[in-house]
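Peer 1: My questions are about this predicted structure, shown below with the sequence.
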Amino acid sequence: MILHLIYDSFDFKSWIIFFFVFLLVADIIKNRNPSNFPPGPWPLPFLGTVFTQMDFKTMNKLAEVYGNIFSLRVGSEKIVIVSGHKMVKDTLITQTDSFVERPIVPMFQKVYKGIGLALSNGYVWRTHRKFAGLHLRMFGEEKKSLEHKIQQESVYLCDAFKAEKGPFNPMTILNSAVSNNIACLTFGQRFDYHDECYQTILRLDNECIKLMGSTKTQLYNVCPRLLEYLPGPHQTMFSNYKIIIDFLRGEISKHKEDWDPANPRDFIDSYLTEMEKKKSDPEAGFNMEGLVISCLDMFEAGTETTATTLRWGLLFMIKYPEIQKKVQEEIDRVIGQSRPPCSSDKANMPYTDAVIHEIQRFGDVVPLGFPKKAAKDTTLGGYFIPKGTAVSTNLSSVLHDPNEWETPDTFNPRHFLDENGQFQKREAFLVFSAGKRACLGEQLARQVLFLFFTSMLQQFTISKCPGEELSLEGEIWFTYAPAPYRMCVSSR
Ligand code: HEM
């Protein structure tokens, strides 16, 4: 009876208001934080903190206000951001088992489908990580063949620099050279720097990394069902990935034609063998789709990161010519000009080693790492983190933590040198993250950085183009990359 009276007295406007208030209350109840949840900016109804940019600079500013553990809400997904060496170490190392899984991020889920290597979880991730780790060790350490391939590639890289007449942007050459290391490992071949099809793939992938970091693209994560049908940068990203994935499928098909299980040439061949072995264990996810996504993981994780680090490296050498000169003096003393650098030279080159580490620290290439999620209810820094909450570790805040670094905001290779000028490791050097989910390609990346960097400075002096100013301010993509710049090289 009462309900009937209320119904009769409501006009259309009242119904709209009633409906809105109902949704608002439902939203508040659904998204209310459990007690002792990390603090954070006040979320908007329905949208959460979607207008807060998700880049590391904004995260650093928010950490100043809310502390080293704070939270945001994207749509109805809560995300906890952890900053500073102590808390990041606690998350990644002390509590590694609690934060070993990846959350579902709609934009990644659409492309990577939660399979393969970098964005999978559970048994699929464990078996794929073990398999890929073995492959990297076999081709990298035991066969020594990879070092030889990297040395050969540095010859192509330096030849391409030599062929440039006048100022040039090193980005395309560095991307091509670095990606060829991954191509050798994965597809068993390198690609010519003028191969148009491969260059298109590299360009599209580069665009994807840029788009991933943009707030407009990340809107897809708030409302994937709606944005699926709307135009926008997310659509460009998805269509780029489709082309890249088709390219990978093509490489896999070519491999299948002359695959010899007794004689694996590369990652694809080894994976095809593993597929046969794991036929009775479908849960491990070794199938055609797993292979495609694993190749994409290797290609993406290994190319942009390393090439961007080298771009920062050359930029710093231009900005600090006295440091460049000291590296060259060490190269001349230890290696000379008559032979190419090799990995074992590193032990005798503490200054160069320190400079490369400082390039990585100051370049800050993967500032927020890859996201994780809590595998169980847990506590961090005294706050309660419920099972399933996404957690992002601000690696940049560790690499610039004033409690760890003498001059955190200055490019200073002495961070990695002891009082006798010998190389010293630093615990807060977390560029490759840490714990069970740490970068799988760390050894390969270190080898490539050392061999490419020393080869370039052995052969060239890098300098600024007359009249052009260079900025150390980077651009925020998924990675943190230097703004495009041009440089001049002169043979030594
Ligand atoms: C300078 C170069 C590189 C940097 C700075 C870098 C950094 C990182 C970081 C920060 C992560 C996230 C770890 C985490 O979730 O805690 C990661 C993951 C990963 N990296 Fe690298 N990386 C580099 C090069 C490479 C290379 C060359 C490869 C190729 C083999 C590679 C393969 C991977 C893979 C497969 C993962 C995912 C691991 C997993 O989820 O288990 N990375 N990397």
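Peer 2: Thanks, I have it.
Peer 1: Contact residues of the stretch 351-492 of the chain facing the ligand?
Peer 2: Proximity of the stretch 351-492 of the chain to the ligand (C-beta under 6 Å from any ligand atom) is limited to residues 365-366, 369-370, 431-433, 437-441, 444-445. In short, each C-beta sits where N, CA and C put it, glycine included.
Peer 1: again, only using 8 Å
Peer 2: 360, 365-366, 369-372, 393, 395, 430-442, 444-446, 448-449 (C-beta under 8 Å from any ligand atom).
Peer 1: quick one: the helices in the stretch 1-150 of the chain?
Peer 2: Per DSSP state H, counting those that start in this stretch, the stretch 1-150 of the chain carries helices over the ranges 2-9, 12-31, 56-66, 85-89, 106-112, 122-137, 145-163.
Peer 1: Would you indicate which residues of the fifth one are buried?
Peer 2: By that I understand helix 106-112. 106-108, 111-112 (16 or more other C-beta atoms under 10 Å).
Peer 1: contact partners of that helix?
Peer 2: Outside of helix 106-112, the residues within contact range by C-beta atoms under 8 Å, 6 or more residues apart in numbering are 118-120, 212, 217-218, 220-221, 224, 234, 237-238, 241, 245, 293, 296-297.
Peer 1: at 7 Å what do you get?
Peer 2: Residues outside helix 106-112 that contact it (C-beta atoms under 7 Å, 6 or more residues apart in numbering): 119, 217, 220-221, 224, 234, 238, 241, 293.
Peer 1: And the residue nearest the centre of the protein?
Peer 2: By C-alpha atoms, centre = their mean, the mean C-alpha position of the chain lies nearest to residue 366, the distance being 4.9 Å.
Peer 1: Which of the three states applies to that residue?
Peer 2: Three-state assignment for residue 366 (DSSP: H, G, I helix; E, B strand; the rest coil): coil.
Peer 1: Backbone dihedrals for the closest residue in space to residue 79 that isn't next to it in sequence, please?
Peer 2: Residue nearest to residue 79 in three dimensions, not counting chain neighbours: residue 390, with 4.3 Å by C-beta to C-beta, 6 or more residues apart in numbering. Dihedral pair for residue 390: phi -70, psi 140, per degrees, to the nearest 10.
Peer 1: Give the bridge partners for residue 390, please.
Peer 2: Going by DSSP bridges, residue 390 is paired in beta bridges with residue 79, residue 373.
Peer 1: Can we start the residue count at 47 from this point?
Peer 2: Right, with 47 as the first residue, what we last looked at is residue 436.
Peer 1: how deep is it tucked in, by neighbour count?
Peer 2: 22 (other C-beta atoms under 10 Å).
Peer 1: Surely it is in contact with residue 419?
Peer 2: Yes: if you go by C-beta atoms under 7 Å, residue 436 and residue 419 touch, sitting 5.1 Å apart.
Peer 1: who touches both of those two?
Peer 2: With C-beta under 7 Å, 6+ apart as the test, residue 436 and residue 419 both reach residue 149.
Peer 1: Against the ligand, which of the contacts of helix 152-158 make the cut? List them.
Peer 2: residue 165.
Peer 1: Make JSON lines out of the contacts of helix 152-158 and add pLDDT.
Peer 2: As requested, the contacts of helix 152-158 are exported to JSON lines (pLDDT from 0 to 100):
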{"residue": "165", "pLDDT": "96"}
{"residue": "263", "pLDDT": "91"}
{"residue": "266", "pLDDT": "91"}
{"residue": "267", "pLDDT": "89"}
{"residue": "270", "pLDDT": "91"}
{"residue": "280", "pLDDT": "96"}
{"residue": "284", "pLDDT": "96"}
{"residue": "287", "pLDDT": "97"}
{"residue": "339", "pLDDT": "97"}
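Peer 1: quick one: which of the contacts of helix 152-158 is nearest residue 101?
Peer 2: The closest of the contacts of helix 152-158 to residue 101 turns out to be residue 263 (C-beta to C-beta; 12.5 Å).
Peer 1: for the one helix or strand that closest one maps to, packing partners?
Peer 2: Using DSSP states H and E, residue 263 sits in helix 261-264. If you count contacts as 3 or more C-beta pairs under 7 Å, 6 or more residues apart in numbering; DSSP states H and E, helix 261-264 packs onto helix 279-303.
Peer 1: Pull out the buried positions in the helix it packs on.
Peer 2: Buried residues in helix 279-303 (16+ other C-beta under 10 Å): 279-281, 283-284, 286-287, 290-291, 293-294, 297-298, 301.
Peer 1: any residues touching that helix, and which ones?
Peer 2: Contacts of helix 279-303 (C-beta under 7 Å, 6+ apart): 153, 156-157, 233, 247, 250-251, 253-254, 257-258, 260, 262-263, 266, 273, 314-315, 318, 337-338, 341-342.
Peer 1: Tell me the residue of the stretch 97-246 of the chain that sits nearest the ligand?
Peer 2: In the stretch 97-246 of the chain, the residue found nearest to the ligand is residue 164; the distance is 3.7 Å by C-beta to the nearest ligand atom.
Peer 1: and the nearest residue in space to that residue that is not next to it in sequence, what does it touch?
Peer 2: In space, and not counting its chain neighbours, residue 164 is closest to residue 343: 4.3 Å by C-beta to C-beta, 6+ apart. Taking C-beta under 7 Å, 6+ apart, we find residue 343 in contact with 162-164.
Peer 1: what stretches of the chain score poorly on pLDDT?
Peer 2: 47-49, 51-53, 187-190 (pLDDT under 70).
Peer 1: quick one, strands of it?
Peer 2: For the chain, the strands defined by DSSP state E occupy 115-120, 123-128, 418-419, 424-426, 429-431, 436-439, 506-510, 520-522, 526-528, 533-537.
Peer 1: Would you mind saying which of those strands lies nearest residue 357?
Peer 2: Nearest of the strands of the chain (C-beta to C-beta): strand 526-528, 5.2 Å.
Peer 1: Dump the contacts of residue 343 into a markdown table; add neighbour count and distance to residue 184 as well.
Peer 2: Putting the contacts of residue 343 into a markdown table (neighbours: other C-beta atoms under 10 Å; distance: C-beta to C-beta, whole Å) gives the following:
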| residue | neighbour count | distance to residue 184 |
| --- | --- | --- |
| 162 | 23 | 19 |
| 163 | 23 | 16 |
| 164 | 22 | 20 |
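Peer 1: now, which of the residues you listed sits nearest residue 373?
Peer 2: Using C-beta to C-beta, residue 164 comes nearest to residue 373 of the contacts of residue 343, at 32.6 Å.
Peer 1: So that closest one versus residue 198, what's the distance?
Peer 2: Using C-beta to C-beta, to the nearest Å, we find residue 164 at a distance of 27 Å from residue 198.
Peer 1: Likewise for residue 226?
Peer 2: In terms of C-beta to C-beta, residue 226 sits 9 Å off from residue 198.
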